[in-house]
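**Student:** Take a look and give me a structure for this.
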Amino acid sequence: MRVAARPRPHEVRLIGGSLKRSRLPVAELAGLRPTPDRVRETLFNWLGQDLTGWRCLDAFAGSGALGFEAASRGAAQVLLLERDAGLVRSLRQSQQRLNASGLRVEAADAMAWMVACSPCSFELVMLDPPFDAGLLPEALTAAAALVVEGGFVYAEAGQVLSTWPSRLRPWRQGRAGAVQFQLLRCGG
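**Tutor:** Predicted coordinates for the structure are as follows:
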C-alpha cells in the first residue's frame, strides 16, 4: 500500500474528486491562510461531494484550495477572484498544469466584483477573507444576493458567526483550531 506524501509547508493537497492528491503552491504572504484539509473535507462532505453542474465562486481565492476542490468535484463553472497579482499568476499556472477547464481565475477585488455581479448567479459562494480585514459581514451581504434559492454560502472566520443576512439560514458549522467555519443556506 502506497502512502501519499504529506504536502510540503508551502503547498496544499486537494483531497477529493478528479484532482485528488494534486498540489497547489501556497505563497508566503501575510494573512494568507489556506483552508486546512480537514475543514475542506468536512465542507465537501456537507455538500455531498458531487457538485456536478454547480456554479461556484471562491471570492477571496488565495491559494485556490476551495475553488479547485469544487472543480475537482464536478462543478460546471468555478470562478476564483484574487486581487494579488502574484497569486493570480500562481492560480493561472495551477489551472493550466491541472487542466482545470471549468475553472476561471479573475484578477479582481472580491468585494467590488460581488457587488456588481448579477443576483442568483451561483449555487455555492465561498468566503475566506483575511481574518483581520473585517470584510466578512459585508462579504456575507454581497454573497447572499449572489446565491440561488437553496444554494449555499460558506464562510470562514476567526470567531463564530453571530449575524448573517436574512436571506441565509445557518445549516452546518464547525471549528478546527482557530478557524470557525459555517455553511449557510439560502431560503427555508
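**Student:** the longest helix in the protein is where?
**Tutor:** helix 85-98 (DSSP state H).
**Student:** just checking, what packs against it?
**Tutor:** Using 3 or more C-beta pairs under 8 Å, 6 or more residues apart in numbering; DSSP states H and E as the contact test, the elements touching helix 85-98 are strand 23-25, strand 77-82, strand 103-107. Where C-beta positions appear, they are placed from N, C-alpha and C, glycine not excepted.
**Student:** can you put these in TSV and add mean neighbour count, distance to residue 147 and mean pLDDT?
**Tutor:** Below are these laid out as TSV (neighbours: other C-beta atoms under 10 Å; distance: least, C-beta to C-beta, whole Å; pLDDT from 0 to 100):
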stretch	mean neighbour count	distance to residue 147	mean pLDDT
strand 23-25	19	25	85
strand 77-82	26	13	98
strand 103-107	19	18	97
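**Student:** roughly how far is the longest helix of the chain from the heart of the chain?
**Tutor:** 16 Å (C-alpha atoms, centre = their mean, to the nearest Å).
**Student:** got it, and stretch 121-132?
**Tutor:** On the basis of C-alpha atoms, centre = their mean, stretch 121-132 sits 6 Å off its chain's mean C-alpha point.
**Student:** Contacts for it next, please.
**Tutor:** For stretch 121-132, the external contacting residues (C-beta atoms under 8 Å, 6 or more residues apart in numbering) are 31-33, 35, 47, 51, 54-60, 62, 66-67, 70, 75, 110, 114, 135-136, 139-140, 143, 146-148, 151-158.
**Student:** how about that stretch: buried residues?
**Tutor:** 121, 122, 123, 124, 125, 126, 127, 128, 129, 130, 131 (16 or more other C-beta atoms under 10 Å).
**Student:** ok, now stretch 148-166?
**Tutor:** For stretch 148-166, using 16+ other C-beta under 10 Å, the buried residues are 148, 151, 152, 153, 154, 155, 156, 157, 161, 164, 165.
**Student:** Find the nearest non-adjacent residue to the third one, please.
**Tutor:** What sits nearest to residue 152 in space, not counting adjacent residues and going by C-beta to C-beta, 6 or more residues apart in numbering, is residue 124, at 5.0 Å.
**Student:** Tell me the one of the buried residues of stretch 148-166 nearest residue 25?
**Tutor:** For the buried residues of stretch 148-166, the residue nearest residue 25 by C-beta to C-beta is residue 156; the value is 20.0 Å.
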